[in-house]
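Trainee: Everything below, folded, please.
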Amino acid sequence: MVDLRSDTVTRPSLGMRRAMAEAVVGDDVFGDDPTVNALEARVAELFGHEAALFAPSGSMANQIALQLVTPAGGELLAGADAHVVTYELGAAAAIGGISTRTWPAVGAGLDAGQIAGMIRPRGYPSLPTAAIAVEQTHNLGGGGVVPLATLRSLREAADEAGVSLHCDGARLWHAHVADGVPLAEYGALFDTLSVCLSKGLGAPVGSLVVGSAERVARARVIRKRMGGGMRQTGILAAAGDYALTHNVDRLAEDHARAAKLAAALSKFGVVDPDDVRTNLVPVDLGATSIDAPTLAAEAAKRDVHIAAMLPHLARVVFHLDVDDNGLDQAITVLSEILDRSR
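Mentor: All right, here's what the predicted structure looks like:
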């Protein structure tokens, strides 16, 4: 079976399992798990921030960070197709009391000037903007990478307006590998970041909130309130540490396989290879006679599993559990189905 639904389906390698089994642990709620503390310090240093906090999921890490930069009743600006808007079950409003206003869905192709024009200042007769959230890489944008110049322009606009900038960096590692932008350079652009260890890096669990020491101290309280305080978490942190050591540079292999699939499917008019920058391949079926759920179901019958994201949009995701044989199988199966649908 070739599982291309998501890069969250990876299984820990033997080396990662060994690191988990041998981890020195303590009670993280008391702050004395040395493996967690070391991982948090390592990630904070990578991004040039003062502190980081381990959380059990990317959604929790995002929601903690949003509460750090947006007070209850405050306004957050985000893309209409952003993960924090579409895939976190209204948590910003339900848990953080955050009001969200969105710009039209454009994936990674952000217009910094348009977003800057949406910022409502303090004293405005309606709700002022507190923060802006940016997704890097962009999930529904097919793994697209927001250009560094765009992020710098957003940072300037945020500073001028006195609002905060948050990065949903679940796959920020992929942007780092694709564009060669140092992690610390990304870190310098954002007040808070969430970064995931359980997607392309292959850890079974875990994300981190990154920010100032003051914000991360508050984050620890919010995490506990949300039920995210864990005990001997070093077992999980050890997997994350192993992933950072062994699995960042190899993301380029996933990008290369995604590019090969995109090139192979381009003849059916469902993928533009120029749009595939990282490990996600969006398959737009709008001009075909087959929809995404049907494509996914037909492919699954032949042991190739992909995700139907929207009625017309399927997603193929490469990760460390898919080798060249899996790539070849995916190309064969998807090509044959798409050829029949012409």
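Trainee: now the strands for this protein?
Mentor: 2-3, 51-55, 75-79, 99-103, 129-135, 164-169, 192-196, 207-211, 280-284, 304-305, 307-310, 313-317 (DSSP state E).
Trainee: Which strands or helices does the third one pack on?
Mentor: In this case it means strand 75-79. helix 83-86, strand 99-103, strand 129-135 (3 or more C-beta pairs under 8 Å, 6 or more residues apart in numbering; DSSP states H and E). Just so you know, the C-beta spots here come from the backbone N, C-alpha and C atoms, and that holds for glycine as well.
Trainee: thought Gly31 was touching Leu53?
Mentor: No. With contact defined as C-beta atoms under 8 Å, Gly31 does not reach Leu53; the gap is 10.7 Å.
Trainee: Looking at these two, which is more packed in?
Mentor: The neighbour count for Gly31 versus Leu53, taken as other C-beta atoms under 10 Å, is higher for Leu53 (27 against 10).
Trainee: on that earlier part again, relative to Lys301, which of the helices and strands packed on strand 75-79 is closest?
Mentor: Proximity to Lys301, assessed across these by C-beta to C-beta, is greatest for helix 83-86 (28.7 Å).
Trainee: Which parts of this structure are helices?
Mentor: Taking DSSP state H to define them, one finds helices in the chain at 14-21, 34-46, 58-69, 83-86, 91-94, 112-118, 148-161, 172-179, 183-189, 213-225, 234-246, 251-265, 292-300, 324-340.
Trainee: among these, which is the most enclosed?
Mentor: Greatest average neighbour count among these goes to helix 58-69 (a mean of 26), per mean count of other C-beta atoms under 10 Å.
Trainee: Quick one: residues in contact with that helix.
Mentor: Residues from elsewhere that reach helix 58-69 (C-beta atoms under 8 Å, 6 or more residues apart in numbering): 53, 55, 76, 83-84, 87-88, 91-92, 95-96, 98, 130-131, 133, 164-166, 168, 170, 191-196, 198-199, 207-209, 211, 215, 218-219, 222-223, 226, 228.
Trainee: cool, stretch 228-238 as well?
Mentor: With C-beta under 8 Å, 6+ apart as the criterion, stretch 228-238 contacts 19-29, 33-36, 38-39, 54-56, 60, 64, 203-206, 223.
Trainee: Looking at the helices of the chain, which is nearest to Asn279?
Mentor: helix 251-265 (4.0 Å).
Trainee: Return the residues in contact with the residue nearest the centre of the chain.
Mentor: With distances taken as C-alpha atoms, centre = their mean, the residue of the chain nearest its centroid is Ala170 (2.3 Å). Applying C-beta under 8 Å, 6+ apart to Ala170 gives the contacts 58, 83, 135, 139, 194-196, 199, 207.
Trainee: who wins for neighbours among these?
Mentor: Ser194 leads these on contacts (other C-beta under 10 Å) with 32 neighbours.
Trainee: picking that back up, can you redo the strands of the chain as JSON lines with distance to Val177 and mean pLDDT?
Mentor: Output for the strands of the chain, formatted as JSON lines (distance: least, C-beta to C-beta, whole Å; pLDDT from 0 to 100):
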{"stretch": "strand 2-3", "distance to Val177": "22", "mean pLDDT": "98"}
{"stretch": "strand 51-55", "distance to Val177": "20", "mean pLDDT": "98"}
{"stretch": "strand 75-79", "distance to Val177": "23", "mean pLDDT": "97"}
{"stretch": "strand 99-103", "distance to Val177": "27", "mean pLDDT": "97"}
{"stretch": "strand 129-135", "distance to Val177": "17", "mean pLDDT": "98"}
{"stretch": "strand 164-169", "distance to Val177": "13", "mean pLDDT": "98"}
{"stretch": "strand 192-196", "distance to Val177": "13", "mean pLDDT": "98"}
{"stretch": "strand 207-211", "distance to Val177": "18", "mean pLDDT": "98"}
{"stretch": "strand 280-284", "distance to Val177": "13", "mean pLDDT": "97"}
{"stretch": "strand 304-305", "distance to Val177": "25", "mean pLDDT": "98"}
{"stretch": "strand 307-310", "distance to Val177": "22", "mean pLDDT": "95"}
{"stretch": "strand 313-317", "distance to Val177": "15", "mean pLDDT": "97"}
